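**Q** Here's a sequence, model it:
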Amino acid sequence: MSIPNLLSTGGLVMVPLLGLSILAMALVLERLVFWWQLTRQQDRVIQDTLALYRRSPRAAFQKLEQHANLPMARIFLAALELEQATPDEFRLALESAAQAELPLLRRFNTVFDTVISVAPLLGLLGTILGLIQSFSSLRLGDLGGTQTAGVTAGISEALISTAAGLIVAIITLLFANTFRGLYQRQVALIQEYGGQLELLHRRRQEYRSPPYAPTQ
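**A** Just a heads-up that it's a prediction; the model follows:
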């Protein structure tokens, strides 16, 4: 059965289900491109930056500026832009910048959750409407007559709409869970690399500080 036939046979609920499926797939494609670019570049850039920072903070800063499109690079830049920051100020800058980047990493999660919740409900609505159509076409004493076509059409609408709603919800759920896993991994990496940068900054500050307080 072709897609136009499925849409016509599934009843009215197929229209919003089609809209939800198009919306979900468009957002899935956007997230796939986002995470592919992020995972392909960011780890290498941050590791190179940490290695550069040990030798030259200025070179590390320039490296980050060249990759300011990466969330973790922007987080590090927010801390390194502070002049003569204390360790506490440096950590606070990292944490604040990280909090500002988290909404970008979990973008569209609410939309995915909405599609996952609404699609099965629309399928259930289609089931109810199809059964209503079947029962309205049913006439006692005429089960094998002309009314059978109306009953069959109602049952087809109920089954097709239910299947369509479940398919949209299941596919969206699989991608949404994948993106949640990538988000959690990215949060862990932000904490790990941020802690390494903070440690390097603290050691540099201690190295530049006098070993003892001057006497009066």
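**Q** mind listing the helices for the protein?
**A** 3-9, 14-55, 57-66, 71-80, 87-105, 109-137, 148-208 (DSSP state H).
**Q** Could I get the buried residue list for the fifth one?
**A** Buried positions in helix 87-105, judged by neighbour count with 16 or more other C-beta atoms under 10 Å: 90-91, 93-95, 97-98, 101, 105. From N, CA and C alone the C-beta is placed, and that goes for glycine too.
**Q** and among the helices of the chain, the most buried is which?
**A** Among the helices of the chain, helix 71-80 has the highest mean neighbour count (mean count of other C-beta atoms under 10 Å), at a mean of 21.
**Q** and the angle for it with helix 148-208?
**A** Inter-element angle recorded for helix 71-80 and helix 148-208: 30 degrees (by axes from the mean of the first three to the mean of the last three C-alpha atoms, to 10 degrees).
**Q** who touches helix 71-80?
**A** The contact list for helix 71-80 (C-beta atoms under 8 Å, 6 or more residues apart in numbering) reads 38, 42, 45-46, 49, 57, 60-61, 64-65, 67-68, 85, 90, 93-94, 96-98, 101, 104-105, 186, 189-190, 193-194, 197, 201.
**Q** coming back round to it: let me have the helices of the chain in TSV, extended by mean pLDDT.
**A** Formatted as TSV, the helices of the chain follow (pLDDT from 0 to 100):
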stretch	mean pLDDT
helix 3-9	61
helix 14-55	92
helix 57-66	91
helix 71-80	93
helix 87-105	92
helix 109-137	86
helix 148-208	86
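**Q** How much space separates Ala79 from Leu129?
**A** 57 Å (C-beta to C-beta, to the nearest Å).
**Q** Angles on the backbone of Ala85, please.
**A** With angles defined as degrees, to the nearest 10, Ala85 sits at phi -70, psi 140.
**Q** What residues does it make contact with?
**A** Applying C-beta under 8 Å, 6+ apart, we find Ala85 in contact with 79, 93, 201.
**Q** now do Lys63
**A** Counted by C-beta under 8 Å, 6+ apart, Lys63 has contacts 45, 48-49, 52.
**Q** how about a cut-off of 6 Å?
**A** 49, 52 (C-beta atoms under 6 Å, 6 or more residues apart in numbering).
**Q** How about Leu27?
**A** Taking C-beta under 6 Å, 6+ apart as the test, what Leu27 contacts is Phe108.
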